[in-house]
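> Sequence first, predicted model second:
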Amino acid sequence: MDNFISLYDFIDFAKANKKYPESTANNLKSALKIFEKELNAEELLSINMVEDSIGEIFRGLVIAHKDKSIVSLNTYKARLLKVIKDYKKYGVEPSKIQSWVAKTRISTPLLIKKDKTDKKNINLSNHIYAPVDNFHKIDLSFDCGKAQILIPRVISSKEIKIIKDILDSLAN
């Protein structure tokens, strides 16, 4: 019968054998520490008992940690169950750890976004070949509503007179 404390040793053993990255090992140990505080003396002596009564233990954890979100606590629960599963598979008989194929994560740069329509990678730092809007924007507010006038930056005298005439007609 394996006790709860042996899970800490298993995490260190798996980390030393490159089955858990250091960050994963630390996250798993954090989950063990949080749950360890909620276990009674009998549960500390048996991993199987912890696994069998995980629902009750989790309810106690939620009550004890009202300041933490349920999403966070569920993450800790999933980590605990993962360690127990891995321990039963590879920790009971340490020679089986050789057959453990550790999952490797492939990190992708944050600046690359996959386009859903054509499934091509788009680098978000590429230049955008769109013309720059080259105009003056005038917002007007009237009793009956709002209006917006867009005037090109380069404008002829004739066009200026047309705009003035339109504005003068609105005043009448």
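Happy to help now that I have it.
> can you list the weak-confidence ranges in the chain?
1, 104-133, 172 (pLDDT under 70).
> biggest helix in it by residues?
In the chain, assigned by DSSP state H, the helix with the most residues is helix 70-86.
> Buried ones in it, by neighbour count?
Judged by neighbour count using 16 or more other CB atoms under 10 Å, the buried positions of helix 70-86 are 73, 76-77, 79-80, 83-84, 86. Quick note: C-beta positions are derived from backbone N, CA and C, even for glycine.
> For my notes, confirm residue 148 occurs in a strand.
Yes. Residue state for residue 148 (DSSP: H, G, I helix; E, B strand; the rest coil) corresponds to a strand.
> mind listing the helices for the chain?
Going by DSSP H, the chain shows helices at 6-16, 22-36, 41-44, 47-52, 54-64, 70-86, 157-171.
> okay if I get these as a markdown table plus distance to residue 138?
Output for these, formatted as a markdown table (distance: least, CB to CB, whole Å):
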| stretch | distance to residue 138 |
| --- | --- |
| helix 6-16 | 65 |
| helix 22-36 | 55 |
| helix 41-44 | 72 |
| helix 47-52 | 70 |
| helix 54-64 | 58 |
| helix 70-86 | 48 |
| helix 157-171 | 10 |
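> Wait, residue 4 touches residue 41, no?
No. If you go by CB atoms under 8 Å, residue 4 and residue 41 don't touch, sitting 10.5 Å apart.
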